[in-house]
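Chemist: quick one, fold the following:
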Amino acid sequence: IAVDNFALEGARGAGATIGLHMCRGNNRSAWRSQGGYEVIAEKAFSQLHVDRFLLEYDSDRAGGFEPLRFVPKDKMVVLGLISSKDPRLESQDLLRRRIDEAAKYVPLDYLALSPQCGFASTAPGNQLTPDEQRRKLELVVDTARKVWG
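Modeler: Residues are numbered from 1 along each chain as shown. Purely as a prediction, here's the structure:
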């Protein structure tokens with residue numbers, strides 16, 4: 001936390017928004033770590049000098065939304081509910097239910113939706129075709145419009 005905050009000192013320009021993605025590994029559609037955010041949530045969410053947390057919640061390996069109770073009221077949480085590793089499209093009904101569940105801990109106006117990680121965090125990228133990636137992004141946009149207007 002101290003190193004991240006030191007690195008961010010002076011980085012915030014006029015109108016800049018600082019976000020931090022907590023990556024769990026993203027190479028050729030594989031992952032490297034698992035476990036919920038509970039063990040780091042209280043300190044990380046309250047002490048990191050960022051405006052947004054981009055969190056991976058695309059599978060059970062990320063745990064539940066309960067750790068979001070530690071997110072300060074003025075910070076956004078971007079829910080990475082869409083897998084960038086698996087070409088199958090998520091159910092929009094399930095996505096909306098999961099957003100509602102997260103809203104028990106963070107107000108809906110302070111939530112957003114995204115893929116859980118990038119589609120190409122390394123040069124070889126993940127094992128999704130460009131069409132599959134486009135459909136995932138269209139799902140993000142369509143779901144966000146239905147949830148937030």
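
Chemist: burial measure for residue 67, as a count.
Modeler: Counted with other C-beta atoms under 10 Å, the neighbours of residue 67 add up to 20. From N, CA and C alone the C-beta is placed, and that goes for glycine too.

Chemist: show me the contacts for the residue nearest to it when sequence neighbours are not counted.
Modeler: With sequence-adjacent residues excluded and distances taken as C-beta to C-beta, 6 or more residues apart in numbering, residue 67 is closest to residue 41, at 3.5 Å. Residue 41 is in contact with 67, 68, 69, 70, counting by C-beta atoms under 8 Å, 6 or more residues apart in numbering.

Chemist: now these: which count as buried?
Modeler: 67, 68, 70 (16 or more other C-beta atoms under 10 Å).

Chemist: and those residues, which is closest to residue 46?
Modeler: For the buried ones among the contacts of residue 41, the residue nearest residue 46 by C-beta to C-beta is residue 70; the value is 6.1 Å.

Chemist: which stretches of this structure have low pLDDT?
Modeler: 24-35, 121-126 (pLDDT under 70).
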